[in-house]
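Engineer: give me a model of this one.
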Amino acid sequence: MLNIKSISNTEKVLINGNKKKSVSKKANTQYFSMPAEYKKVTAENLKGYIPSFGVNKNEKIPSISKQYKIIESQLDNITKKKLKSLEARGILSNNDSNDGSTVLENLYKIATEPRIKGLSNNQIITEVINSLYNPFSITQKFGDISENTAKEISKETGITLPKSAERVVSSCCVVASMEFNLAHKKPAEFTRFANGLSGSEYSVDKKVKMSDIDQYYMSSLCRLKDFNTEYKIDKDWENITVKIKPDRNAIVRARVQASNRDPGERSSVDVLIQSALLNLGSQNTYNALTDERQTGKYNNDKNGLTDVEKNFVENIVLGVPKISVVYQQLDENGYLTGYNGTHEETKQHILKSLEQGQNVIIGYTHIDDKGQIDGGHEITIIDYKQDNSGKGYFICNDTDDELDTPIQIEEDKLIPLIHHAGISKSALSKDDVIVEPWREIVLAFQEMLKAEKNA
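Structural biologist: Numbers count the residues shown, from 1 in each chain. Below is the predicted model of the structure:
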């Protein structure tokens, strides 16, 4: 879910250095005023102040052929064929994961190691194979909760479920798009996440470069603190290990889907991964039963993530430093007043990211007849093509369209609707000047709290 209300005051985030464009004073506000000496802080001169941590894992696994046979023994005939297809496509041997483990190794762990109570090994492994076989089948749709089940959940958790908790549609479009990207671009990492989140640890560790979070070391530490992130500084001092985990209520949601999943609804794996990513972005305040989170420094709404929160999660989970570039100019009432950059500039940012092998998650807006934003949605751009007449189309995945295939949207129709996009830093021109929106949001949110206090 694209939270427009929380970012409506964020203006002029991308300005091309070759063109003179007006920028409001507020857009240039640097609320997080870092002392000059902090900018000089590096991992090297912090070694004496923060204890280091290390991870040492020596895991013995059987031969590839034995792993395959053990996995296959837990599958029905249809899923066996999908596993064979993954092998033929080279996906099982893919090791583009955070710890170098392969898809096959993680499937083997899912097949042989204990799962969360209420979830079975063969069910989880089947769901993972289905998602790898066709990542476009990943969805954000919650699944309904029957009245009797809702009563049982309330008795177990002590939470009285509102009617909204029984709805099929969720506000998980941002994190569902990230889950799709993992399965589509990083199958080994997707499988590693599924293994860790459905296993006894109920979490997954992710090694991240400090420079991927922010260019300044101390600023990266501040961001981690702001997001209430659980992490340890690694021995090399240039990396951290972040612990990513769903909220505890996601177990209940996953069990519901395990026993009562209808076609087109989320799998148990979808529930766990999406809950974990939303929890990370919401500063560990997400509740998977109600699909709500607490408001915070970067969001004054209880649903979804802002572009700033999305960018923080995307940098950590996908391991590619990106900048959330805002293209639409909105006034304080949410009316579209203009654009930051031209149609062609926006297009080139997306195309350059695609050329580098990166999918682009975008937040696009719904605009009423008066030009006011009345909502938004997140989808993923995975490719671009032109027809014989030269008309351009973006090939996209939408986790809320009830389709398990990609869709195409005309370039001329989509670009004017794009509010923000996660663009790889390397895809931005050296002439682009970036004004970081997260600093503005901190200021706006604190001003709101001050006004409420004085009211």
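
Engineer: against which helices or strands is the helix or strand harbouring residue 84 packed?
Structural biologist: Element membership for residue 84 (DSSP states H and E) is helix 77-88. In this structure, helix 77-88 makes packing contacts with helix 64-72, helix 121-133, judged by 3 or more CB pairs under 8 Å, 6 or more residues apart in numbering; DSSP states H and E. Just so you know, the C-beta spots here come from the backbone N, C-alpha and C atoms, and that holds for glycine as well.

Engineer: neighbouring contacts of it?
Structural biologist: Residues from elsewhere that reach helix 77-88, judged by CB atoms under 8 Å, 6 or more residues apart in numbering: 68, 71-72, 75, 92, 103, 126, 129-130, 132-133.

Engineer: quick one: buried ones out of the residues you listed?
Structural biologist: The neighbour-count test (16 or more other CB atoms under 10 Å) marks 68, 71, 75, 92, 103, 126, 129-130, 132-133 as buried among those.

Engineer: can I get those in a markdown table with pLDDT and distance to residue 267?
Structural biologist: Formatted as a markdown table, the buried ones among the contacts of helix 77-88 follow (pLDDT from 0 to 100; distance: CB to CB, whole Å):
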| residue | pLDDT | distance to residue 267 |
| --- | --- | --- |
| 68 | 97 | 23 |
| 71 | 97 | 18 |
| 75 | 97 | 15 |
| 92 | 97 | 20 |
| 103 | 97 | 17 |
| 126 | 98 | 9 |
| 129 | 98 | 11 |
| 130 | 98 | 7 |
| 132 | 98 | 12 |
| 133 | 98 | 13 |
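
Engineer: pipe these into CSV and attach distance to residue 401 per row.
Structural biologist: Formatted as CSV, the buried ones among the contacts of helix 77-88 follow (distance: CB to CB, whole Å):
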residue, distance to residue 401
68, 34
71, 31
75, 28
92, 29
103, 27
126, 24
129, 23
130, 18
132, 20
133, 19
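
Engineer: tell me which two of those sit farthest apart.
Structural biologist: By the measure CB to CB, 68 and 130 form the most distant pair in the buried ones among the contacts of helix 77-88, at 17.5 Å.

Engineer: hmm, back to that, now the helices and strands packed on helix 77-88 in a markdown table, with distance to residue 259?
Structural biologist: Below are those laid out as a markdown table (distance: least, CB to CB, whole Å):
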| stretch | distance to residue 259 |
| --- | --- |
| helix 64-72 | 23 |
| helix 121-133 | 10 |
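
Engineer: end to end, how far does stretch 323-335 reach?
Structural biologist: 24 Å (CA to CA, to the nearest Å).

Engineer: that older thread, the helix holding residue 84 versus helix 121-133: what angle between them?
Structural biologist: Counting by axes from the mean of the first three to the mean of the last three CA atoms, to 10 degrees, helix 77-88 lies at 50 degrees to helix 121-133.

Engineer: now helix 77-88: average pLDDT?
Structural biologist: Averaged across helix 77-88, pLDDT comes to 98.

Engineer: in it, what's buried?
Structural biologist: 79, 82-83, 86.

Engineer: then stretch 145-157?
Structural biologist: Result for stretch 145-157 [16+ other CB under 10 Å]: buried residues 145, 149-150, 153.

Engineer: give the contact list for residue 253.
Structural biologist: 142, 271, 275, 288-289.

Engineer: where's it, which helix or strand?
Structural biologist: helix 249-259.

Engineer: next structured bit after that helix?
Structural biologist: The helix or strand immediately downstream of helix 249-259 is helix 268-281, counting by DSSP H and E.

Engineer: convert the C-alpha atoms of that next one to PDB, please.
Structural biologist: This file holds the C-alpha atoms of helix 268-281, laid out as PDB (Å, rounded to 0.1, in the frame of the first residue of the first chain):
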ATOM      1  CA  SER A 268       2.100 -19.700   4.500                       C
ATOM      2  CA  VAL A 269       5.500 -18.700   3.100                       C
ATOM      3  CA  ASP A 270       4.000 -15.500   1.600                       C
ATOM      4  CA  VAL A 271       2.600 -14.600   5.100                       C
ATOM      5  CA  LEU A 272       5.900 -15.100   6.900                       C
ATOM      6  CA  ILE A 273       8.100 -13.200   4.400                       C
ATOM      7  CA  GLN A 274       5.700 -10.300   3.900                       C
ATOM      8  CA  SER A 275       5.200 -10.000   7.700                       C
ATOM      9  CA  ALA A 276       8.900 -10.000   8.300                       C
ATOM     10  CA  LEU A 277       9.600  -7.300   5.800                       C
ATOM     11  CA  LEU A 278       6.700  -5.200   7.000                       C
ATOM     12  CA  ASN A 279       7.900  -5.600  10.500                       C
ATOM     13  CA  LEU A 280      11.400  -4.400   9.600                       C
ATOM     14  CA  GLY A 281      10.000  -1.300   7.800                       C
END
